[in-house]
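[1] Below are the sequence and a predicted model; questions follow.
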Amino acid sequence: MSTTFQLDTSTSRATPTPQPIRRLTVPKIRQRKQGGVTQEPIVMLTAYTARQAQLLDPHCDMLLVGDSLGQVIYGLPSSLPVTLEMMANHAAAVVRGSYHSVVAVDMPFGTYEASPEKAFESASYLMKFSGAAAVKLEGGQVMAETVNFLVNRGIPVIGHVGLTPQAVNVLGGYMVRGRGDAEAEKIVADARSLDEAGAFAIVIEGVVEPIAIDVTKAVSCPTIGIGASSQCDGQVLVTEDMLGMFERVPRFVKRYEEIADTISATAQRYSEEVRARSFPGVEQTYQPKK
Ligand code: KIV
């Protein structure tokens, strides 16, 4: 059992913590969309580590511990090999590093699809171990029964439709979805069934814009777009993509920074100074007391 929780002194009799937690809650995120309208779009970014969470938390409503960490952190070829333990450990770090955002954690491939009971076992483990407030799972109509099962047992769920990366082998790649009428209708139907099953939000990934708009109009819960539309009720990006950590990023990513260049140039300066013996300098060196 994890001992990573910070104590919320507003709801606990435990010893006061230096910084009482005042997190946003799942109901508050859900209520952002009222009568089909979201006045204040939901801001979500991925986070995988405690320090990253600390930096992102004040600016976000939700932090997603995405299974994209497989590629981003572990250099895996896809998210398929990601395990429950990897997700639980990174989610616990993100919870430790945040006190404002709702932390949601991705259920990795193979840990929820077989049955609602299996999904409950995996999701409850993730939440107990990490302190995350919600899980996200991929799939539409076929997952509706599971979403309902989880929600009725105390597990808030975010759905994920459109381009669902865990289905890469079925889809044949990471292409934009919904270019044909039948597929477009299926994506809208998928989102509707997740909404009816009780998902409190739905990620729409990699679809042509009219579908993202149709889905957003069709469901009562907020939609969170990635490669979708500014008309969604919120947006999410992989933080490292947004920061410019990788050379190639999909078209839907806006590179707000060129962090890879900064890291590379800094490592070069360090290596030059080590080779020239100009680091460590006087300021970084301990001398005996006189
Ligand atoms: O794994 C992930 O980071 C995600 C987002 C891209 C939505 O699912």
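    That came in fine, so what should we check first? Numbers count the residues shown, from 1 in each chain.
[2] Could you give the number of residues near the residue in the stretch 51-200 of the chain that the ligand sits nearest to?
    Closest residue of the stretch 51-200 of the chain to the ligand, CB to the nearest ligand atom: residue 66 (2.2 Å). For the C-beta atoms, the positions are set from N, CA and C on the backbone; glycine is no exception. When neighbours are defined as other CB atoms under 10 Å, residue 66 has 29 of them.
[3] ok, it touching residue 107?
    No - using CB atoms under 8 Å, residue 66 is not in contact with residue 107, being 11.0 Å away.
[4] Can you classify the residue nearest the centre of the chain by secondary structure?
    Centroid-nearest residue in the chain, with CA atoms, centre = their mean: residue 64, separated by 2.0 Å. When classified by DSSP: H, G, I helix; E, B strand; the rest coil, residue 64 comes out as strand.
[5] Test my guess that it contacts residue 133.
    No - counting by CB under 8 Å, residue 64 stays clear of residue 133, with 11.5 Å between them.
[6] what do those two both touch?
    Residues touching both residue 64 and residue 133 (CB atoms under 8 Å, 6 or more residues apart in numbering): residue 104.
[7] Can you check the pLDDT for the residue nearest to the centre of the chain?
    On the pLDDT scale, residue 64 is placed at 98.
[8] before we move on, what about residue 10?
    You'll see residue 10 listed with a pLDDT of 58.
[9] Kindly report the same for the one 4 residues further on.
    Among the per-residue scores, residue 14 shows a pLDDT of 54.
[10] before we move on, back to that, check contacts around the nearest residue to the residue of the stretch 51-200 of the chain closest to the ligand once chain neighbours are set aside.
    Leaving aside its chain neighbours, residue 66 sits nearest to residue 46 (4.4 Å; criterion: CB to CB, 6 or more residues apart in numbering). Neighbouring residues of residue 46 by CB under 8 Å, 6+ apart: 63, 64, 65, 66, 68, 69, 72, 236, 237, 238, 239, 240.
[11] With residue 105 instead?
    64, 65, 87, 88, 91, 126, 127, 130, 132, 134, 135, 136.
[12] Can you name the residues bridging to the residue nearest to the centre of the chain?
    Following DSSP bridges, residue 64 is listed with bridge partners residue 46, residue 104.
[13] measure it to residue 134 for me?
    Between residue 64 and residue 134 the computed distance is 9 Å (CB to CB, to the nearest Å).
[14] between these two, what contacts are shared?
    By CB under 8 Å, 6+ apart, the residues touching both residue 64 and residue 134 are 104, 105.
[15] wait, doesn't residue 156 sit right on residue 135?
    Yes - the pair residue 156 / residue 135 is scored as a contact, 7.5 Å apart, by CB under 8 Å.
[16] now the contacts of residue 105 as a markdown table including distance to residue 205?
    A markdown table is the format used below for the contacts of residue 105 (distance: CB to CB, whole Å):
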| residue | distance to residue 205 |
| --- | --- |
| 64 | 12 |
| 65 | 16 |
| 87 | 18 |
| 88 | 23 |
| 91 | 20 |
| 126 | 21 |
| 127 | 23 |
| 130 | 23 |
| 132 | 20 |
| 134 | 17 |
| 135 | 17 |
| 136 | 11 |
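[17] Wait, a strand at residue 43?
    Yes - Residue 43: assigned to a strand according to three-state DSSP.
[18] mind checking the end-to-end distance for stretch 155-164?
    21 Å (CA to CA, to the nearest Å).
[19] just to revisit the earlier point, kindly give a single ChimeraX line that selects the buried subset of the contacts of residue 105.
    Of those, the buried ones can be selected in ChimeraX as follows, counting by 16 or more other CB atoms under 10 Å:
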select :64,65,87,88,91,126,127,130,132,134,135,136
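[20] ok, the residue nearest to the centre of the chain - contacts?
    Residue 64 neighbours (CB under 8 Å, 6+ apart): 44, 45, 46, 47, 104, 105, 106, 136, 236.
[21] quick one on the thing from earlier: please report how far the residue nearest to residue 66 lies from the ligand.
    Distance, residue 46 to the ligand, using CB to the nearest ligand atom, to the nearest Å: 5 Å.
[22] Let me see the confidence value for that residue.
    pLDDT for residue 46: 98.
[23] Equivalent analysis for residue 178, please.
    Looking at residue 178, its pLDDT stands at 88.
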